[in-house]
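Peer 1: Give me the fold of what follows.
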Amino acid sequence: MRPARKTIAALMAVLALSACDLAPAYFRPVTATIPTSFKEAPGWRVAVPSDAVARGEWWTLFDDPALNSLESKVLVSNQNLAAAKAAYDQARALVREQRAALLPVIDLNGSTTRTGSFGNSKSGSSTTTGQRYTLSIGATWEPDLWGRIGNTVKQAGALAEASKADLVNATLSAQGELALDYVQLRGIEAQKAILDATIAAYEKALTIAENRYRAGVVQRSDVLQAETALRNARGDAADLDRQRAIFEHAIAVLVGENPSSFSLPPAPSNQTVPNIPSVLPASLLERRPDIASAERSVAAANAEIGIQRAAFFPTVDLSGDTSTNAEILGSLFKAATSAWSLGATGVLTLLDFGARSARVDEARAAYEQTVAQYRQTVLTAFQQTEDQLAATRVLATVAVERTAAANAANQAEVIARNQYVAGQISYSDVIVTQTSALSARRAEAQSLVDRRTAAISLIQAIGGNWQNQSADNAGGHPCLDLAVGTAARRTAGAECG
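Peer 2: Residues are numbered from 1 along each chain as shown. Presented below is the predicted three-dimensional model:
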């Protein structure tokens, strides 16, 4: 048996060393020329964020404890993230399964058989019995002569890395959606506070109009106009309650809780608009998880070409078997009771009327499709970043103008109200200034929401984690180019790409 083992081992080594790879050499697809700066922010350069957000927990920039608490629940309870995590675990298991195909499959079989005979003889009936034990060990192996199995492993590995990036992207999306919903909810609360104060003022105005009407100073139309303004404001306030409920329900789902039992208490409006740490254009490609996922899909498609090319070459299966049998259990492994065999089987398709060529062409076309999708993802990333840079810059100016407009409108409203009491103007003039002032105050509140929303969208556009790679590695985490936060890295698993 020893010479057979040596023969098998030597043959396996020769075949393994002679394997070739039929997949094209892989290079990351070339994209459009990467600019040296962003058009909407020419001076943007890499900045080191504070220690509080050094691990990509960008929501802490808003300095809101309630938001911080909600974001921590997303990583634990969000069911979309749980599904993405399960998909990533499945992809990693597939890698292990495909890698196992590179090694032989070994089977162990054992059996015991008891035999006997019976019959009649001159001296009476007789019975004879016997026992036989059989043990065999067999192995089958398909040497990867043309790289088919190796490329299958590469493909599975690339898809697993893409799945990991998809998990991180889903995490970033869920975190961003929660932050957006939260900011909108707090913005609605600010709008409600404005309307509540306005309603109180309108109620006083209605009382003044009614008193003046009873005194015969004004007509009833003044009372009706004052009542109209008051009831419209109350209706708007009631509708804000509806909008707030919708955002509260959305937040409940994002943190994995039942909307029927979840409630978010009102809180004072937070005025913080964070300054987003800057990023160089080239590093955007390394930072965004959707780009990483698209690039890994290209690598998987490249490996598929090699898998399909291998179908033009024969497949070889090696098999070996050694068995022993004996009537006595202790004699199983004696040379006289043992036998071995070694065989090889080769299969080559001679004629398939172009099916294999079609599959290769299909794999090439799929590769070109993933390349185009990768390039489109890169372009979209720069578009989104430029969009949000422009929004951040412009909305800062808008906020200044909205504040000035609200201050002017408030002063005009006070003057108009005093003029009406003095009998200098009609109530229709007061209604115009009231409406203008309310609109200006609500626009001012909305401008803050817009700025905070643009900040969140910009953070998502640059991939959530703005720290450069050297700083990440210095912190002891070499895999942070895909990470969105400490908890997200734990969710994604301990492996690095």
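Peer 1: For the residue nearest the centre of the chain, pull up the helix or strand it's in.
Peer 2: Taking Cα atoms, centre = their mean, the centroid of the chain lies closest to residue 170, which sits 1.9 Å from it. Of the helices and strands defined by DSSP states H and E, residue 170 is found in helix 148-214.
Peer 1: So what's the gap between that helix and the chain middle?
Peer 2: Relative to the centre of its chain, helix 148-214 is centred 18 Å away, using Cα atoms, centre = their mean, to the nearest Å.
Peer 1: Going by contacts, tell me the helices and strands next to that helix.
Peer 2: Helix 148-214 makes packing contacts with helix 65-77, helix 79-100, helix 220-254, helix 289-309, helix 355-421, helix 427-461, helix 486-492 when contacts are defined by 3 or more Cβ pairs under 8 Å, 6 or more residues apart in numbering; DSSP states H and E. In this view, the C-beta of every residue, glycine as well, is placed from N, C-alpha and C.
Peer 1: right, so those: which one is the most enclosed?
Peer 2: Among those, helix 289-309 has the highest mean neighbour count (mean count of other Cβ atoms under 10 Å), at a mean of 23.
Peer 1: do you know how far the closest residue to residue 344 other than its chain neighbours is from residue 346?
Peer 2: Nearest non-adjacent residue to residue 344, counting by Cβ to Cβ, 6 or more residues apart in numbering: residue 318, 5.3 Å away. Residue 318 sits 10 Å away from residue 346, going by Cβ to Cβ, to the nearest Å.
Peer 1: got a list of what the residue nearest to the centre of the chain touches?
Peer 2: Listed by Cβ atoms under 8 Å, 6 or more residues apart in numbering, the contact set of residue 170 reads 80-81, 84.
Peer 1: same question, residue 394
Peer 2: Contacts of residue 394 (Cβ under 8 Å, 6+ apart): none.
Peer 1: Let me see the confidence value for it.
Peer 2: At residue 394 the predicted local distance difference test score is 95.
Peer 1: burial measure for the closest residue to residue 315 other than its chain neighbours, as a count.
Peer 2: Nearest residue to residue 315 in three dimensions, chain neighbours excluded: residue 347, at 5.1 Å (Cβ to Cβ, 6+ apart). Residue 347 has 8 neighbouring residues, counting by other Cβ atoms under 10 Å.
Peer 1: Please verify my assumption that residue 347 contacts residue 313.
Peer 2: No - with contact defined as Cβ atoms under 8 Å, residue 347 and residue 313 do not form a contacting pair (10.4 Å).
Peer 1: burial count for the residue nearest to residue 344?
Peer 2: Counted with other Cβ under 10 Å, the neighbours of residue 318 add up to 18.
Peer 1: Got the phi and psi for it?
Peer 2: Backbone torsions for residue 318, taken as degrees, to the nearest 10, come to phi -110, psi 140.
Peer 1: got any ranges where the stretch 351-497 of the chain has weak pLDDT?
Peer 2: Scanning the stretch 351-497 of the chain with the threshold set as pLDDT under 70 gives 465-497.
Peer 1: how about 50 then?
Peer 2: Within the stretch 351-497 of the chain, the stretches with pLDDT under 50 are 466-497.
Peer 1: and what of the chain?
Peer 2: Low-confidence segments of the chain (pLDDT under 50): 1, 4, 17, 47-55, 466-497.
Peer 1: Which one of the contacts of residue 170 is nearest to residue 297?
Peer 2: The nearest member of these to residue 297, counting by Cβ to Cβ, is residue 84 at 15.7 Å.
Peer 1: The closest one is in contact with residue 164, isn't it?
Peer 2: No - the pair residue 84 / residue 164 is not scored as a contact, 9.5 Å apart, by Cβ under 8 Å.
Peer 1: rewinding a little: to residue 132, which of the helices and strands packed on helix 148-214 lies closest?
Peer 2: Closest approach to residue 132 among these is made by helix 79-100 (34.5 Å; Cβ to Cβ).
Peer 1: Relative to the helix or strand just after that closest one, what are the paired strands and their orientations?
Peer 2: Later in the chain than helix 79-100, the nearest helix or strand by DSSP H and E is strand 105-121. Its sheet considered, strand 105-121 pairs with strand 124-141 (antiparallel) by DSSP bridges.
Peer 1: Tell me, how many residues neighbour residue 111?
Peer 2: Residues near residue 111, counting by other Cβ under 10 Å, number 10.
Peer 1: Thought residue 134 was touching it, still the case?
Peer 2: Yes - with contact defined as Cβ under 8 Å, residue 111 reaches residue 134; the gap is 4.8 Å.
Peer 1: what's the closest non-adjacent residue to residue 273?
Peer 2: Of all residues not flanking residue 273 in the chain, residue 451 sits nearest, at 4.8 Å (Cβ to Cβ, 6+ apart).
Peer 1: measure that neighbour to residue 187 for me?
Peer 2: In this view, residue 451 and residue 187 are 11 Å apart by Cβ to Cβ.
Peer 1: Enumerate the positions of stretch 130-141 that are buried.
Peer 2: For stretch 130-141, the neighbour count (16 or more other Cβ atoms under 10 Å) marks 133, 135-136, 138-139, 141 as buried.
Peer 1: my read: residue 39 touches residue 386, true?
Peer 2: Yes - taking Cβ under 8 Å as the definition, residue 39 is a contact partner of residue 386 at 6.1 Å.
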